[in-house]
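*Asks:* Generate coordinates for the sequence data below:
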Amino acid sequence: MCLLLTSGCVGSDVVENEFHGEEIRPIVAVQDFTLVDNAGNDWNYAEQTDGKVVVVAFLFTNCIDICPIVTENLRWVQSQLTEEEYNNTQFVTITVDPWSDDTTALSEWMYYRNLTWPHLTSSSTEDGSPTFDALKSVWENFAVGLWIEETPSNQTNTSARHHPDAYSVNHSTGTVLVDSNGMQRVWWGDNDWIVDLVLADIRELLDEN
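*Replies:* A predicted model of the protein is given here:
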């Protein structure tokens with residue numbers, strides 16, 4: 001008998017996990033996508049991240065608790081990278097609330113927090129619009145758990161957005177670290193962040209190149 005402290009052991013030798021965050025098993029490939037960035041430009045994953053380690057966060061600007069904390073954590077981690085590491089790493093935030101997070105909202109969020117990496121949304125929330133469908137596909141690809149909760153409102157929703165006029169967004173996800181080959185490798189839950197260890201995991205992926 002051997003005691004498994006990680007995923008497996010051979011004899012008395014324990015194979016240690018190389019990452020501090022939760023390894024994504026089985027490994028999932030990122031499906032290429034095009035969304036709209038905070039400046040209103042098309043942002044294509046493959047073009048913008050070719051050969052880079054990618055740090056993908058799912059947040060929304062009306063979030064008042066964990067999202068600002070995760071954002072500050074991301075900013076700190078980015079600031080600790082060397083110039084070479086920075087040039088080989090791409091940070092990106094993707095909204096889970098495109099109904100509120102248009103390009104203006106994302107730009108303001110970035111301005112007040114002094115952020116430099118792209119924040120992505122859809123150009124429309126109409127069912128069937130290409131960027132909204134693309135955004136929903138991204139949520140699915142990254143296993144984003146998302147649900148809308150209606151809050152009391154006297155208004156009747158007559159828009160094509162298909163969610164209540166008064167609503168709150170809840171999402172169950174974290175920050176995903178993607179290797180330079182476009183494979184999702186490590187997951188950090190929003191409430192589990194340890195900035196030094198996230199930085200170490202990014203460097204572990206960079207060292208694979």
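
*Asks:* And the helices in this structure?
*Replies:* 45-49, 66-80, 83-87, 103-113, 130-141, 195-207 (DSSP state H).

*Asks:* The fifth one - contacts with which helices or strands?
*Replies:* Where contact means 3 or more CB pairs under 8 Å, 6 or more residues apart in numbering; DSSP states H and E, helix 130-141 is packed against strand 34-37, strand 89-95. The way it works is simple: take the backbone N, C-alpha and C, and place the C-beta from them, glycine included.

*Asks:* again with the longest one
*Replies:* In this structure, helix 66-80 packs against strand 53-59, strand 89-95, helix 103-113, helix 195-207, with contacts taken as 3+ CB pairs under 8 Å, 6+ apart.

*Asks:* for the residue nearest the centre of the chain, what are its contacts?
*Replies:* Centroid-nearest residue in the chain: A57, 2.1 Å away (criterion: CA atoms, centre = their mean). Contact analysis of A57 by CB atoms under 8 Å, 6 or more residues apart in numbering lists 70-71, 74, 91-94, 175-176.

*Asks:* In ChimeraX, how would I select just the buried ones from those?
*Replies:* To isolate in ChimeraX the members of those that are buried, counting by 16 or more other CB atoms under 10 Å, one can use:
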select :70,71,74,91,92,93,94,175,176
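
*Asks:* Widest-spaced pair of the contacts of A57?
*Replies:* Spatial extent of the contacts of A57 (CB to CB) is set by the pair T71 and V176 at 15.4 Å.

*Asks:* Find me the pLDDT at H162, would you?
*Replies:* Listed pLDDT for H162 reads 32.

*Asks:* swap in C63?
*Replies:* Value listed for C63 in the pLDDT field: 85.

*Asks:* Tell me how many other residues crowd it.
*Replies:* 19 (other CB atoms under 10 Å).

*Asks:* W193 too?
*Replies:* 19.

*Asks:* Next: the one 5 residues further on.
*Replies:* V198 has 23 neighbouring residues, counting by other CB under 10 Å.

*Asks:* wait, it sits on G21?
*Replies:* Yes - applying CB atoms under 8 Å, one finds V198 in contact with G21, separated by 6.8 Å.

*Asks:* can you list residues touching both of the two?
*Replies:* 177, 188.

*Asks:* do you know how far D102 is from L199?
*Replies:* Taking CB to CB, to the nearest Å as the measure, D102 and L199 are separated by 32 Å.

*Asks:* picking up where we left off before, now the helices and strands packed on helix 130-141 in a markdown table, with mean pLDDT and distance to W117?
*Replies:* Shown next, in a markdown table, are these (pLDDT from 0 to 100; distance: least, CB to CB, whole Å):
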| stretch | mean pLDDT | distance to W117 |
| --- | --- | --- |
| strand 34-37 | 98 | 10 |
| strand 89-95 | 98 | 4 |
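
*Asks:* so can I have TSV of those showing distance to D65?
*Replies:* Shown next, in TSV, are the helices and strands packed on helix 130-141 (distance: least, CB to CB, whole Å):
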stretch	distance to D65
strand 34-37	25
strand 89-95	16
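
*Asks:* re earlier: can you redo the helices of the chain as JSON lines with distance to A39 and mean pLDDT?
*Replies:* Listed next are the helices of the chain as JSON lines, based on distance: least, CB to CB, whole Å; pLDDT from 0 to 100:
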{"stretch": "helix 45-49", "distance to A39": "13", "mean pLDDT": "98"}
{"stretch": "helix 66-80", "distance to A39": "18", "mean pLDDT": "96"}
{"stretch": "helix 83-87", "distance to A39": "20", "mean pLDDT": "98"}
{"stretch": "helix 103-113", "distance to A39": "7", "mean pLDDT": "97"}
{"stretch": "helix 130-141", "distance to A39": "15", "mean pLDDT": "95"}
{"stretch": "helix 195-207", "distance to A39": "25", "mean pLDDT": "98"}
